[in-house]
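*Asks:* After the sequence you'll find the predicted model.
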Amino acid sequence: MPQPALEAEVSPEKLQAELAALRQQVEDLEQDKIDLETLLEMTTEHSDTVEEELHGKAEEAVRESERRLRLIVEATPVSIVISRRVDGIIVYANAMAGPLVGLTTEELVGRKATDFFHDPTQMQQLLAMIKDQGKVDHFEAQLKVSTGDLIWGDCSLRTLDFNDEPSLLGAWHNITHLKQMNAAASRFVPNEYLGFLKKQSIVDIDLGDHIIGDMTIMFSDIRSFTTVSENMSAKENFEFVNKYLGWVSPVIRNHRGFVVKYLGDGIHAIFPESADDALRSCIEQLRSLNDYNAKSEQLGLPPIKLGIGLNTGRIMVGMVGESSRLQGDAFSDHVNLTARLEGLTKYYSVSLIISVATKERLEDLSKYHIRFLDKVQVKGKTKALDLYEVYDADPDHFLALKKATQQEYEEAMNCYYARDFTEAQTKLFRVLQANPKDKVAWRHLMTATECIENGVPEGWTGVTVMTKK
Amino acid sequence: MEIVKDQYVVKYDSENSTVVCSGSFRLTGPEYTDVAEILNAAADAKPEVLNLDLTGLEFLNSSGINTLSKFVIRLRKHKATQVNVKGNSEFAWQKKSLANFQKLLPGLVLEFD
């Protein structure tokens, strides 16, 4: 190996230079090492600074968003309540929540939410809805306030974790006034009317809203009202009419009918569902009037007589007036005709007249006591109409007599229309022998007698023509 | 030379020997290669004075401070260059982190708006 020789050849200068280069390299490496350490330190320090800064900013952002949310919750006009699901204890209430139930917010927090429900089943209903759908929107619940009064609240519920506990957030809106307004409004436009016009609320009702259909129309009037009212003061009159209407109106409602309008002591009502509804209601009205009269008699008061006309046909029910003053009304020839029928009760001295159209729509005629009344051409009409008397509400003995003589009576009428006036006269005599108070039979007897005595004109049809309303 | 992005801008003005970094730097390590390229070019021009304007530098992540630090080391190695850094005291982190540049290059002049 030539190693020793080579070593020997290295000059001291070169060694010196190499040493210097090596020193420089070490120095550089040391500097690099310092640089790297500094870099590491700087980077770490920088990371910490930035991290701290970001954390601070995030916390500030959360605080700011919480502050903003609280501001919104406190300023909202809705009552907001948070209650624990485990025990229903209210853990948060905004400024509006206390006054809703007549308490301060401080008094409300810590109370049980269930304590405020008037009907505990409503609370159970709400919880069931939360279980099924996870939320509740616009549930109307009745709440008990601190004074003991009841209020109506519109409530929406959401689930949330509050202070790490499963809770319910409730937003409440006091709708008591709205409910009262609705109730007040429904006294002018009844809910049946709204449903009938397929409207949710009175707010949706517009001029011209209407529905057309086959319905039974009722007109009723107190026959002897003028006589009765003559001896009353204005106040007594009002009280009497209101007492009467207050007592008879439910009998209409209970048979799926509704009052279109009050006409003084008269009532114009409609039964959209069936002619049987209408007839049953009228019979009940007349029967309860009998009870009323029995009591009045004991007090020495004059009896009230009611005349009712019923007719069935296609009519239009809707809103009339002008946009700022609406009124429900019903129109069609059938309506006018019904009013005429009511008027005829006085002429024939009967309490309830129905048209043939109504009679034909009755489900089972055997359920009622219906007797042919007359063929009538009412004022303003060119066609004659078969009218029937319903005597179900007649006093018992009278009803029995009419029933017993009905066959004879109807045979008499057949003879009459067949121009066999003598036979009609004979049969009507027999009817009146049995029931001398049968005013209808008397009227027909008089007409038949007149036909015998004076003869009948050409083209005679037996129709009674009314020249007055 | 310049990089203009929505989030950040790097500009090297060779005439005035000024490097401007502004905006928000949230890049990952390798993404700083382009930035480093501009900075290296500025350093390698070996100007008498080099101005580093960081007044618009809102945010810088760790890889970013690393890139800038290496730039300062590179300038130190060239020895001849006087480095002036301009910071913005509105960005709190700059106060701490930029001062550390002086550990790498004691002659570096640091100024805040």
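*Replies:* Ah, there it is.
*Asks:* A:Ala448 should be in a strand, yeah?
*Replies:* No. Read with DSSP: H, G, I helix; E, B strand; the rest coil, A:Ala448 is helix and lies in no strand.
*Asks:* Surely it and A:Ala424 touch.
*Replies:* Yes. Under the criterion of Cβ atoms under 8 Å, A:Ala448 makes contact with A:Ala424 at 4.6 Å. C-beta: built from backbone N, CA, C; applies to glycine.
*Asks:* Show me whatever sits in contact with both of those two.
*Replies:* A:Ala412, A:Tyr416 (Cβ atoms under 8 Å, 6 or more residues apart in numbering or on different chains).
*Asks:* Give me the phi and psi angles of A:Lys305.
*Replies:* phi -110, psi 140 (degrees, to the nearest 10).
*Asks:* Give me the spatial nearest neighbour of it, chain neighbours excluded.
*Replies:* Leaving aside its sequence neighbours, A:Lys305 sits nearest to A:Arg223 (Cβ to Cβ, 6 or more residues apart in numbering or on different chains; 3.8 Å).
*Asks:* What score does the one you found have for pLDDT?
*Replies:* Listed pLDDT for A:Arg223 reads 83.
*Asks:* contacting residues around it?
*Replies:* Neighbouring residues of A:Arg223 by Cβ under 8 Å, 6+ apart: A:Ile304, A:Lys305, A:Leu306, A:Gly307, A:Thr345, A:Lys346.
*Asks:* How about B:Thr67?
*Replies:* B:Tyr32, B:Val35, B:Ala36, B:Leu39.
*Asks:* Centre of the chain to stretch A:228-247, how far?
*Replies:* The chain centre lies 30 Å from the centre of stretch A:228-247; the measure is Cα atoms, centre = their mean, to the nearest Å.
*Asks:* Now tell me what touches it from outside.
*Replies:* For stretch A:228-247, the surrounding residues in contact (Cβ under 8 Å, 6+ apart) are A:Ile222, A:Tyr262, A:Gly264, A:Asp265, A:Ile267, A:Ser288, A:Tyr292, A:Pro302, A:Ile304.
*Asks:* Quickly find the element holding the fifth one.
*Replies:* The reference is to A:Ile267. strand A:266-271 (DSSP states H and E).
*Asks:* counting contacts, what elements does whatever helix or strand comes next after that strand pack onto?
*Replies:* The C-terminal neighbour of strand A:266-271 among helices and strands, as given by DSSP H and E, is helix A:275-298. Helices and strands touching helix A:275-298, as assessed by 3 or more Cβ pairs under 8 Å, 6 or more residues apart in numbering or on different chains; DSSP states H and E, comprise strand A:210-222, helix A:234-253, strand A:266-271, strand A:306-322, strand A:352-355, helix A:356-361, strand A:385-390.
*Asks:* mind checking the longest helix of the chain?
*Replies:* Because you didn't say which chain, this covers chain A. helix A:12-75 (DSSP state H).
*Asks:* Please refer instead to chain B.
*Replies:* Per DSSP H, chain B has its longest helix at helix B:62-78.
*Asks:* relative orientation of that one and helix A:12-75 in degrees?
*Replies:* Angle of helix B:62-78 versus helix A:12-75, following axes from the mean of the first three to the mean of the last three Cα atoms, to 10 degrees, is 150 degrees.
*Asks:* Please save the CA atoms from helix B:62-78 in PDB.
*Replies:* Coordinates of each C-alpha in helix B:62-78 appear next as PDB, following Å, rounded to 0.1, in the frame of the first residue of the first chain:
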ATOM      1  CA  SER B  62     -47.200  27.000  10.300                       C
ATOM      2  CA  SER B  63     -46.000  26.000   6.900                       C
ATOM      3  CA  GLY B  64     -46.200  29.600   6.000                       C
ATOM      4  CA  ILE B  65     -44.000  30.900   8.800                       C
ATOM      5  CA  ASN B  66     -41.600  28.100   7.900                       C
ATOM      6  CA  THR B  67     -41.400  29.300   4.300                       C
ATOM      7  CA  LEU B  68     -40.800  32.900   5.300                       C
ATOM      8  CA  SER B  69     -38.200  31.800   7.900                       C
ATOM      9  CA  LYS B  70     -36.300  29.900   5.200                       C
ATOM     10  CA  PHE B  71     -36.400  33.000   3.100                       C
ATOM     11  CA  VAL B  72     -34.800  35.000   5.900                       C
ATOM     12  CA  ILE B  73     -32.100  32.300   6.300                       C
ATOM     13  CA  ARG B  74     -31.400  32.500   2.600                       C
ATOM     14  CA  LEU B  75     -31.000  36.200   2.800                       C
ATOM     15  CA  ARG B  76     -28.700  35.900   5.800                       C
ATOM     16  CA  LYS B  77     -26.500  33.500   3.800                       C
ATOM     17  CA  HIS B  78     -26.100  36.100   1.100                       C
END
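*Asks:* List the buried residues in that helix.
*Replies:* Within helix B:62-78, the residues that count as buried by 16 or more other Cβ atoms under 10 Å in any protein chain shown are B:62-76.
*Asks:* if I pick A:Pro395, what's in contact with it?
*Replies:* A:Asn290.
*Asks:* quick one: it and chain B, what's the gap?
*Replies:* To chain B, A:Pro395 is 98 Å away according to Cβ to the nearest Cβ, to the nearest Å.
*Asks:* Please name the nearest non-neighbouring residue to the residue in the stretch 351-469 of chain A that chain B sits nearest to.
*Replies:* Residue of the stretch 351-469 of chain A nearest chain B, by Cβ to the nearest Cβ: A:Arg361 (79.9 Å). Residue nearest to A:Arg361 in three dimensions, not counting chain neighbours: A:Ala275, with 3.9 Å by Cβ to Cβ, 6+ apart.
*Asks:* Fine by me, thanks again.
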